[in-house]
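Student: quick one: sequence and predicted model below, then my questions.
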Amino acid sequence: MLRIRSAPVVVAGVFLLIGLTGWLAGLHIGLDSTVYRAGAVAVLRGEALYDQLTAIPSWSMDLPFTYPPIAAVLFTPLTLVPVQLVWALFAAASVLGVAAVLRWTSGTPLLFLLVFSLEPVWRTIGFGQINVLLMAMVVFDLLRNDSRWSGVLIGVAAAIKLTPLIFVVHLVVTGRLREAGRALGTFLVLQLLGFLLLPGDSLRFWGSAIFTGNNATGNGYFTNQSFSGAVQRLTGGAPVLAVVLSVVCVVVAAVLARRAHLRGEHVVAMLITAGCGVLVSPISWSHHWVWVVPLVALLRSRVALVLVWVVFLGWTMFSPSGNALLDNLYVLAALVGGAVWWGRGRAGVDVRSRVGAGDGWHR
């Protein structure tokens with residue numbers, strides 16, 4: 001009889017089988033995963049990383065590579081397999097990442113099956129995105145890794161995609177200065193390696209591409225669920241307002257995360273920082289909100305869980321409505337949820353002073 005703890009492996013295997021079938025049948029699978037592979041191909045061919053990627057399949061969207069050059073270097077093993085299998089690898093790894101995060105945050109096995117109905121999760125898997133993998137690296141470093149290597153995975157995650165840098169601040173404000181030093185040191189060493197291997201691409205990334213990728217400083221498309229995106233939609237501009245909101249968010253989050261950490265509420269502290277990180281990033285596509293996974297693992301109120309599911313099923317993320325509430329739903333939900341947690345003494349949240357391993361997974 002199949003045990004519950006085997007479900008992640010089975011589901012991951014299904015995605016690998018889908019990828020293999022897609023390759024043999026020539027199906028069009030993957031979106032962001034094709035960009036990761038195309039960036040790696042550009043590195044090996046000596047092509048400009050931030051120009052049009054020649055290895056993007058003709059059937060895929062012509063998207064730019066928006067990560068630091070070292071990320072493309074780390075992606076080079078992906079060139080050994082076809083694009084459909086690259087998607088399958090990211091999908092399968094994301095399934096295992098979701099399972100790991102739920103175990104580390106004491107989520108139940110039932111949640112493993114349910115969270116795939118949440119839009120950030122299924123869209124991440126559908127796109128072949130790296131969001132879940134980066135989240136798992138951060139969660140492991142913050143909650144499970146208590147060794148002389150603590151902080152390294154956060155540094156690696158930040159080197160691949162800059163947004164996890166906010167967890168370096170988290171380590172500082174929670175008094176884990178050695179881990180913060182390791183995380184920042186790992187990040188800087190990897191970026192230096194990127195400069196040494198790809199000097200031209202590195203200069204271009206840090207000089208201009210970091211601001212122009214996906215129109216990072218002015219993208220008001222409705223699935224950009226960040227302060228910047230919301231301000232663009234609501235005002236048509238006002239970048240100063242987005243900056244002010246972001247600064248206030250970082251300061252408030254730092255204070256609240258430190259308080260939660262000192263009370264032993266480490267998952268809460270992590271989620272405060274994660275939520276702030278998604279809000280202040282210039283680009284936070286709806287599928288970047290995968291931090292909803294450890295959030296639902298923390299909640300014990302049925303009302304709170306239903307509300308989270310209503311918001312993050314993604315019904316508002318299929319087409320713009322022109323409604324200020326619906327088109328900014330993730331941003332507003334995060335702000336309202338944070339206010340409710342603060343004003344009602346963490347209503348609906350079962351806070352743990354330590355992180356369990358999720359005994360239900362061993363049944």
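Tutor: Here it is on my side, so go on.
Student: so how far is the helix or strand of the chain with the lowest mean pLDDT off the chain centroid?
Tutor: When the helices and strands of the chain are compared on mean pLDDT, DSSP states H and E, helix 210-212 comes out lowest with a mean of 80. Centroid displacement of helix 210-212 relative to its chain, using Cα atoms, centre = their mean, to the nearest Å, is 19 Å.
Student: cool, stretch 173-187 as well?
Tutor: For stretch 173-187, the separation from the chain centroid amounts to 20 Å (computed by Cα atoms, centre = their mean).
Student: same thing with stretch 192-208?
Tutor: The answer for stretch 192-208 is 24 Å, by Cα atoms, centre = their mean.
Student: and if you look at stretch 250-261?
Tutor: Per Cα atoms, centre = their mean, the displacement of stretch 250-261 from the mean C-alpha position of its chain is 20 Å.
Student: what mean pLDDT does that stretch have?
Tutor: Here the mean pLDDT over stretch 250-261 is 95, rounded to a whole number.
Student: list the buried residues of it.
Tutor: Burial within stretch 250-261, assessed by neighbour count using 16 or more other Cβ atoms under 10 Å, is assigned to 250, 253-254, 256-258, 260-261. Any C-beta I mention is one placed from the backbone N, CA and C, and that applies to glycine too.
Student: which ones among those map onto helices?
Tutor: In this view, the buried residues of stretch 250-261 that belong to helices under DSSP state H are 250, 253-254, 256-258, 260-261.
Student: Serialize those residues to CSV and add fields for distance to N224.
Tutor: CSV is the format used below for those (distance: Cβ to Cβ, whole Å):
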residue, distance to N224
V250, 19
A253, 20
A254, 24
L256, 25
A257, 24
R258, 29
A260, 28
H261, 30
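Student: check contacts around the spatially most central residue of the chain.
Tutor: For the chain, N131 is the residue whose C-alpha lies nearest the centre (Cα atoms, centre = their mean; 3.4 Å). Remark: with contacts taken as Cβ atoms under 8 Å, 6 or more residues apart in numbering, N131 is in contact with 94, 120, 124, 287-288, 290.
Student: equivalent analysis for V168, please.
Tutor: Under the criterion of Cβ under 8 Å, 6+ apart, the contact list for V168 reads 154-155, 158, 180, 183-184, 187.
Student: quick one: it is in a strand?
Tutor: No: going by DSSP: H, G, I helix; E, B strand; the rest coil, the assignment for V168 is helix, not a strand.
Student: distance of it from A274?
Tutor: Look at V168 and A274: by Cβ to Cβ, to the nearest Å, they are 13 Å apart.
Student: against A253, how distant is V331?
Tutor: The value you get for V331 to A253, if Cβ to Cβ is used, is 14 Å.
Student: what pLDDT, on average, does the host helix or strand of A136 get?
Tutor: When secondary structure is defined using DSSP states H and E, the element that contains A136 is helix 131-139. Over the span of helix 131-139, the pLDDT mean works out to 97.
Student: quick one, whatever helix or strand comes next after it and helix 131-139 angle?
Tutor: In the C-terminal direction, the helix or strand that comes right after helix 131-139 (DSSP H and E) is helix 152-160. Angle, helix 152-160 to helix 131-139, by axes from the mean of the first three to the mean of the last three Cα atoms, to 10 degrees: 140 degrees.
Student: show me what counts as buried in helix 152-160.
Tutor: Buried residues in helix 152-160, defined by neighbour count with 16+ other Cβ under 10 Å: 152-160.
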